[in-house]
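Trainee: Whatever this is, show me its structure:
(2 chains)
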Amino acid sequence: MEQNAENTRPNGKGHVGASVMYIIIVGIAFAIMTAVFVFFPRTKYSELEKRDLAEFPDVSDVESIKKNPAKFTAAISSWFSDTEPYRDDLMTLSMSIRGAMKGDFRPEEETVSFRPADTAEAVQADNNEKSADNTASPKEDRATDNPENTYNGESTPADDDDDDINDGKAKLGSSGTIIVGKGDKVRALMAFGGTAKGGGGYVDLLNTLADQFPGKNVYAMIAPLATEYYLPEKAAKASNPQKPFIYSVRDRLSPKVKFVDIYDELLQHKKEDIYLRTDHHWAGLGGYYAAKRLAETAGVPFKGLDAYDRHEIQGFVGSMYGYSKDISVKNAPETFVYYTPNQVGFDAEFVSYTLNKDFKIVRESKPYKSAFFKKFKDGSGNAYLTFIGTDQAYVKVKTTTPGNRKLLIIKDSYGNAVPGNLFYSFNEVHVIDFRYFTHNLKDYVNRNGITDIAVCFNVFNAYSSGSASKVKKMLTQAGGIQASPTAADQPKTNKPEKPQTSPAKPEPAAEEPAAVVAPKEETPVETEQPQKEENPATPEKTEEE
Amino acid sequence: MVFSDLFFIFCFIPLFGLLYLLFGWIDKARIRHAENNELPMKRPMLLRNIVLTIFSILFYAWGEPIYVFLMLAVVLVNYICGLLMYRKHNIFGKIWLFIGVAADLAALGSFKYLGFFSGIARSIGFDVPDPQIALPIGISFYIFQSISYLVDVYREDSKPQRNYFDLLLYISMFPQLIAGPIVRYGTVALEIGHRRATADDVADGVYRFIIGLGKKVIIANIMGEIATTLLGGSLENMSAAAAWVGIVAFSIQIYFDFSGYSDMAIGIGRCVGFHFPENFNHPYTCTSMTDFWRRWHMSLGSFFRDYVYIPMGGNRRHQALNIMTVWFLTGMWHGASWNFIIWGVYFGLIIMIEKYTLLRWKWMPKIGLYIYSIFLIIVGWGLFYFDDFGRMQQFFMAFFGQNEPQGLPMHVETVIIDNLWLWVAAIILCLPVRKQVEKIGYRLATHVPYAGNYTVQFCHAIVSITILVCCVALLVGATNNAFIYTRF
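Mentor: Residues are numbered from 1 along each chain as shown, chains lettered A, B, ... in the order given. All right, here's what the predicted structure looks like:
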């Protein structure tokens, strides 16, 4: 058509009629699309991206419109293209189109091979340069870290057996995700960009807790990402190993803090479904093994899975679909499995928080009884909310387990999957989210007679000093006592590098580890959901007893 | 506003189309009325032109609410100068031409280049502040159109426009306002007052628009993503594969981005009866750099040829100087940054060398010419892409294999495998395949009456709807969607 457009246009007999026909067909199609886009109700919330969509700019704010009219018109444009009707369906179509562009001639082999976690250092050693992909991490750190120093002599994995290491399929998805495997075995992983140097805030927090609560047990629990266990060799560069980080945290903890080696526990079970393939969380089973190691460390009883009922939610596709924007994730739904204890009584009391648009707490509810395990329908994308149902609440669970051991877990959303496995072990289990707690932690611990305190974070939040400092604030907030001098004097040596690539999502709090490019815990990704679908605050059919 | 924005497609276009049609009917009723009563019909397009002008101003103001006044002022200056200089074969004609062109260049200079020049001044020790002026979108295009108007009127190739609003329509017409093609005044002067859009025109125009949209949204946007992935991050120790794949992705992106825009502009123009000049002719099938520039952004090339190169003496007087001037200005036109100037001079030098070597060597095999050309073009885009010299150097180190060989890193493999069919389609579409397909349709339509034409148009309709649906889906959630050339 470029040049000579005139010459190539058909103009034999009937050309006018044919042109009119073209105009009518395309005109009708266009008119229908326009009608849908302009007159159909606009989408307000994207299930897929799990976020509220743009709102029409404020017309009444004449001052700011006058000041910056271009911003106003741009806001209208982006409102229009953000809130189109059937947004999620169109997004899915868009991902299918992108998926159709894929060309893969390599033979279908269904072995998702795993990279044994311990080869991580070997990879790192010959990997001193980092190419310019979107998961870049601070290079200098890699050069200076010597992971060997931090955890040599460590328990070696029981996994050296039959994994083929070198040949798993892998590719990079959007927002720092890595897609491995094929067909219904697809697994979406998050890249970790941190190094052994991070986590100073977490170490400081745990040491402070141990100082502030003498006579109580304080546990450090760091949950690795699935990436650590399932990243094929060829994608090794796409994510930094987490083991050096986790064990360097352990080595920096004061002797008063007990380190719960989740890393090692999960390594022994990595052939089982301990992680969700399509979600950024671990599976119920991963939480179970973490709880097991905690119980062992704490010296409390712990029951095998035969003391639990097994439940399944079919057709689960989790958050990684929206993050990776890769259709293959959607096409590989998995079964969400969770376990509920059947030989112990337990009674959960919730206090939940209402947040405003800026994720600030505006209201605290009265305590109310509600199910600890929520029930979700097959196909629900929010199945991970089975555990507790929300992050914006703190929960006190009284169990029929005798004794006076009372556990407090301070956690991020990974931690949600842990406490449900500890009802055989403790007389009370309290769960506090690190983002949402308005009381003085010290008062709370003393008032409730807590004997054991665990801080269970995934590696992102353990890495980020911001997450730890939120918890530290809880020690002093509402007129509580000051933080101990040790904590206050601690220089901030572990401040992570500035981000090299921006994460996909806008964050309410930007205190994440710099190099970490991945979906984050900070955003209350899931929290909005239950209110819409299945409100956890209203007691529903429960699984207890 | 950009063409590939859902708001433009589903709000602006339908509203404009409806009003344009409505006022078209009223215009026609006025014409009939005049004919029946044997009255003189002075301005048959009046209402349609008003609609087009208002929507053009709206289109521009949507993105540049303040700078729209700059455009109105530029048009006013040109309007006055045009009227004053016409048919003055004395010094005054020259003076008015000079004043008009100087005013245009002053506008361009102060809004586009002031920051650049002040930076140079600072770097050699003068204490001048950075003016911090944001570039008014499309200024390079409409200033050049203004200059072409003045020069054409001065040369008496065209008559001056006696109506300010008609001149405003020419400059501001939204299809070509912000990224060309650079339409010469003479090309559309008559069509402003009298034009027809037949069913063929509309069908061709719509089809052309949708093809352009597809080029932009399906190919250019995704290739842009790839280029950013590979070239946008740290370039330290990047592999040769990443450098090559990245810059080839950018080469594909910029071609489909810009030619897609031109297609959309030409298509909208056709729908309302304007015939804008073609801007591209399969540039990546060129056999020399000289040839490339006859196929790439043709309206800019011909502008410099007719308004700079030939007036300076063309090939009769100091040709080398003329060539270098043109290419310096071409580079400069693209942006107020040294890398664009280097990019322009790079082409100027190659073209000059070609004049004495390649263009005389008839024995060169065609395939060699293609490889030679495409290689130099790609290197050129490397100069074009990086406005930071440090990064440019790192890039070329990798590009020429100076870094450690690393095989095919995974992120490079990912962008290839994940978009394999897009790569294949894009590379094929750089060749004149579509032209060949259209030719078959043309033959069919000429030889098989009716059925041939209906088949061709039916196929067009299917292609159009498919592309439209794909584009709409891909535009949902698209974040970075601006056209590259609207920056210039």
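
Trainee: switch to C-alpha atoms for all contacts and neighbour counts from now on
Mentor: OK.

Trainee: Low-confidence stretches in chain A?
Mentor: For chain A, the stretches with pLDDT under 70 are A:1-12, A:104-169, A:175, A:357-358, A:478-545.

Trainee: For the helix ranked longest in it, report the contacting residues that lie outside it.
Mentor: Longest helix of chain A, by residue count under DSSP state H: helix A:15-39. With contacts defined as CA atoms under 8 Å, 6 or more residues apart in numbering or on different chains, helix A:15-39 is touched by A:84-85, B:10-11, B:14, B:199-200, B:202-203, B:450, B:453-454, B:457-458, B:460-461, B:464-465.

Trainee: for the spatially most central residue of chain A, what are its contacts?
Mentor: Centroid-nearest residue in chain A: A:H280, 4.4 Å away (criterion: CA atoms, centre = their mean). Residues near A:H280 by CA under 8 Å, 6+ apart: A:188-190, A:225, A:318-320, A:519.

Trainee: Return the member of the residues you listed nearest to B:P311.
Mentor: Using CA to CA, A:P519 is the member of the contacts of A:H280 that sits closest to B:P311, with 60.2 Å.

Trainee: follow-up on the earlier one: highest neighbour count among the contacts of A:H280?
Mentor: A:A188 (33 neighbours; other CA atoms under 10 Å in any protein chain shown).

Trainee: and B:I171, how far is that from A:H15?
Mentor: 33 Å (CA to CA, to the nearest Å).

Trainee: Looking at the two, which is more packed in?
Mentor: With neighbours defined as other CA under 10 Å, B:I171 and A:H15 compare such that B:I171 has more, 28 against 24.

Trainee: Assign that one to helix, strand or coil.
Mentor: Using DSSP: H, G, I helix; E, B strand; the rest coil, the structure places B:I171 in helix.

Trainee: Okay, and B:V75 sits in which element?
Mentor: Element membership for B:V75, per DSSP states H and E: helix B:68-85.

Trainee: got a list of contacts for that helix?
Mentor: B:57, B:60-61, B:92-94, B:96-97, B:99-100, B:103-104, B:107, B:143, B:146, B:149-150, B:153-154, B:160-162, B:164, B:167-168, B:171-172.

Trainee: What is the distance between whatever helix or strand comes next after it and the centre of its chain?
Mentor: Going down the chain from helix B:68-85, the next helix or strand is helix B:91-108, by DSSP H and E. With CA atoms, centre = their mean, to the nearest Å as the basis, helix B:91-108 stands 25 Å off its chain's centre.

Trainee: ok and helix B:91-108 relative to helix B:68-85, angle-wise?
Mentor: Interaxial angle of helix B:91-108 relative to helix B:68-85 (axes from the mean of the first three to the mean of the last three CA atoms, to 10 degrees): 170 degrees.

Trainee: Filter the contacts of helix A:15-39 down to the buried ones and express that as a PyMOL selection.
Mentor: The buried residues among these can be selected in PyMOL (16 or more other CA atoms under 10 Å in any protein chain shown) with this line:
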select buried, (chain A and resi 84+85) or (chain B and resi 10+11+199+200+202+203+450+453+454+457+458+460+461+464+465)
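
Trainee: Write out the residues of the stretch 51-200 of chain B neighbouring chain A.
Mentor: Neighbours of chain A within the stretch 51-200 of chain B, by CA under 8 Å from any CA of the partner chain: B:62-65, B:199-200.

Trainee: Fine, thanks again, bye for now.
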